[in-house]
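Chemist: What follows is a predicted structure for the sequence shown.
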Amino acid sequence: MTGVPPGTRQDPSGTTRPAREAFTRDLGRALRGRRATLGFGLARVAAATGLRPGTLDSYERGAKALAPYRFVPLCRALDLTPHHLLLAAVTGDVVGVLGRHRVLPPLLSVDPRRLPTPVASAPWAGPARAVHLPLAWIQDHADRAGLDAVTVLAHLRPARLPPWTPGPPSSSASREAFTRRLGIRLARARLAHRWTLATTARAVTAASGTPIALSTLHSYESGERAASLHRVVEIARVLGICPAAALIHADRP
C-alpha cells in the first residue's frame with residue numbers, strides 16, 4: 001500500500017479511510033456475509049450471543065465498533081474461527097478470506113532465524129522464538145522482501161493453533177473478567193520482550209499511525225479500561241502475538 005498514510009487503509013475501489021473505520025466496516029461485512037451464508041436471521045444470532053438484534057445490525061453495518069468481549073461468542077454462533085474473522089477485517093478481503101476459511105490454515109508459525117532475508121522491518125523481528133501470524137502478514141513480508149509467498153512459506157513450519165470449538169457460545173467471561181485477562185496477556189507479552197510501557201507505546205504509535213498514551217496502555221494491561229478491538233489487534237501485532245489467540249484466551253474463565 002505504497003503512498004497510503006499511516007493509520008489509513010485503501011480499499012479495492014481506491015478510497016482511503018482511517019484504518020479503524022475500515023476495520024469496523026469490514027468486520028461488519030464479514031459478520032453479515034457469514035450469517036447470510038448460514039441462512040441465519042438477525043434474531044437467531046442475537047439470541048445466541050445475548051445481543052439485541054438492533055445492536056447486531058449496527059455491528060454488521062459498521063455503524064458501531066464490536067466490543068472485544070463480544071467477538072469470540074459471535075464467532076462461535078457463526079461457526080467461524082476468530083483467526084479468519086480478524087483476517088477479513090484487517091485485510092479487507094472479506095470474500096476471499098471467508099471463501100477459503102475451511103481450506104487454508106489461518107496461521108503459520110514463523111521462526112525469524114529460518115527466513116531467507118533480513119526481517120528488521122517485519123512485525124515479528126527480534127525474538128528468536130517462533131510467533132504466530134496471519135497469512136496476510138506472511139504475504140506482506142514476501143512483498144516487502146521481493147519474494148514470492150511460496151519461498152517464504154518454505155521456511156516456515158505449521159503452527160500450533162489454540163483449540164477452537166465452534167457452536168453455541170459459552171457463558172464464559174463477563175466484560176470485566178475478559179478485560180482483565182486480556183490485559184494480563186498483553187502485559188506478559190510486553191514483559192517477554194523486556195519492553196517498558198513507554199517503549200511499547202512508542203512502537204504501537206509508530207506502527208499504527210495513531211498515538212497511544214502511556215497511561216492508556218497501562219490501563220489496558222491492568223484491566224481498568226477496555227481497548228477497542230482494532231486497538232487490541234494493533235498492540236498484539238507490535239508485541240508479536242496472535243490477536244485471535246489472545247481473545248480466545250481472555251474469553252475462557
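Modeler: Great, that's in hand.
Chemist: When you work out contacts or count neighbours from here on, use the C-alpha atoms and nothing else.
Modeler: Noted.
Chemist: can you list contacts of the helix or strand hosting S58?
Modeler: If you go by DSSP states H and E, S58 is part of helix 53-60. The set of residues external to helix 53-60 that reach it, using CA atoms under 8 Å, 6 or more residues apart in numbering, is 24-25, 27-32, 42-43, 46-47, 64-66.
Chemist: Just the buried residues out of those residues, in PyMOL syntax.
Modeler: In PyMOL, a selection of the buried entries from the contacts of helix 53-60 looks like this (16 or more other CA atoms under 10 Å):
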select buried, resi 24+25+27+28+29+30+31+32+42+46+64+65+66
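Chemist: now the helices for this protein?
Modeler: Assigned by DSSP state H, the helices in the chain fall at 19-38, 42-49, 53-60, 68-77, 82-91, 94-99, 135-145, 149-153, 175-192, 197-208, 214-222, 229-239, 243-251.
Chemist: I'd like those helices laid out as CSV, including mean pLDDT.
Modeler: Converted to CSV, the helices of the chain look like this (pLDDT from 0 to 100):
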stretch, mean pLDDT
helix 19-38, 88
helix 42-49, 91
helix 53-60, 96
helix 68-77, 91
helix 82-91, 81
helix 94-99, 66
helix 135-145, 62
helix 149-153, 59
helix 175-192, 94
helix 197-208, 93
helix 214-222, 97
helix 229-239, 92
helix 243-251, 89
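Chemist: before we move on, the earlier item: from the contacts of helix 53-60, which is closest to V238?
Modeler: T24 (19.7 Å; CA to CA).
Chemist: ok, the closest one - contacts?
Modeler: For T24, the contacting residues are Y59, G62, A63, K64, A65, L66, A89, H230, by CA under 8 Å, 6+ apart.
Chemist: Go again with 7 Å.
Modeler: Contact partners of T24, counting by CA atoms under 7 Å, 6 or more residues apart in numbering, are G62, A65.
Chemist: Give me the distance between it and Y59.
Modeler: Using CA to CA, to the nearest Å, we find T24 at a distance of 8 Å from Y59.
Chemist: give me the number of residues near the closest residue to P68 other than its chain neighbours?
Modeler: The shortest distance from P68 to any non-neighbouring residue, by CA to CA, 6 or more residues apart in numbering, is to L229 (5.0 Å). Neighbour count for L229, taken as other CA atoms under 10 Å: 21.
Chemist: same question, G209
Modeler: Neighbourhood size, G209 [other CA under 10 Å]: 15.
Chemist: Dihedrals phi and psi, it?
Modeler: phi 80, psi 0 (degrees, to the nearest 10).
Chemist: Show the model's pLDDT score for it.
Modeler: For G209, the model assigns a pLDDT of 88.
Chemist: Outline the domain layout of this structure.
Modeler: Taking automatic domain parsing as the criterion, the chain consists of the domains 14-99, 107-158, 175-251.
Chemist: what about Y59, distance to G28?
Modeler: Counting by CA to CA - Y59 and G28 are separated by 5 Å.
Chemist: I248 too?
Modeler: 19 Å.
Chemist: With A46 instead?
Modeler: Distance of A46 to G28, given as CA to CA: 14 Å.
Chemist: Over to R52?
Modeler: 15 Å.
Chemist: Kindly report the same for R44.
Modeler: For R44, the distance to G28 - CA to CA - is 17 Å.
Chemist: and what of I212?
Modeler: As for I212, its distance to G28 is 25 Å (criterion: CA to CA).
Chemist: likewise R252?
Modeler: In terms of CA to CA, R252 sits 24 Å off from G28.
Chemist: L87: neighbour count?
Modeler: Neighbours around L87, by other CA under 10 Å: 25.
Chemist: scratch that, L38
Modeler: L38: 11 neighbours (other CA under 10 Å).
Chemist: And A48, by the same measure?
Modeler: Counted with other CA under 10 Å, residues neighbouring A48 total 17.
Chemist: Thank you, goodbye.
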